[in-house]
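Asks: Could you look at this predicted model? Sequence included:
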Amino acid sequence: MNILGIDPGSRITGFGLITVNKLKFTYISSGCIRTQGNLNDRVVTIYSGIKEILEKHKVDIVVIERVFMRPDRPNPDAAIKLGHARGAVISAVGGQNLPIVDYSPNQIKKTVVGKGHASKEQVSFMVQQLLKLNNAPQADAADALAGAICHAYHSL
């Protein structure tokens, strides 16, 4: 099964693709879609970037990280921008008729690291170890790969 994980962001959207066979993970690809301009331009860039990834690789399912707002520092504007980024991803994936699942950031961290409030560095380290990578992936790509790994554990 090929699982594409996506960490949506209005400025940087991370992606990571793995193949899973009986909890044996194989790294395929990862990276970041970097956006510029106004929000409309960024949404179009995210949509186009995800569409390109889906056309280039065989993907069986897509995992998208849910939007998280800190209760101690609510920022509705940031949540709206993240919602736009998620919408761009969902539109691109839906256009390919692929199944979509989502997990909260805490679910992903707990599955991959063992604790729901793990740091980005801890997530990146565990992704590197689980996928046997020589170098740590970019932070947003590591989060996306972690989402894919999380789904692999929860779906088998």
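Replies: Noted; the coordinates are in hand. Numbering: from 1, shown residues only.

Asks: Tell me the buried residues in the worst-scoring helix or strand of the chain on mean pLDDT?
Replies: Here the helix or strand of the chain ranked lowest by mean pLDDT, DSSP states H and E is helix 76-94, holding a mean of 93. Neighbour counts over helix 76-94 (16 or more other CB atoms under 10 Å) mark 81-82, 84-86, 88-90, 92-93 as buried. For glycine as for every other residue, the C-beta is placed from the backbone atoms N, C-alpha and C.

Asks: cool, and stretch 55-67?
Replies: 59, 61-65, 67.

Asks: Span of it from start to end?
Replies: End-to-end distance for stretch 55-67: 26 Å, by CA to CA, to the nearest Å.

Asks: same question for it, mean pLDDT?
Replies: For stretch 55-67, mean pLDDT is 95.

Asks: okay but residue 53 is in contact with residue 13, surely?
Replies: No: checked against CB atoms under 8 Å, the pair residue 53 and residue 13 is beyond contact range at 10.2 Å.

Asks: Look at the two and report which has more neighbours.
Replies: Between residue 53 and residue 13, counting by other CB atoms under 10 Å, residue 13 is the more crowded of the two (27 against 20).

Asks: how far away is the residue of the chain most remote from its centre from residue 15?
Replies: The outermost residue of the chain relative to its centre, with distances by CA atoms, centre = their mean, is residue 72 at 24.4 Å. Residue 72 is 29 Å from residue 15, where distance means CB to CB, to the nearest Å.
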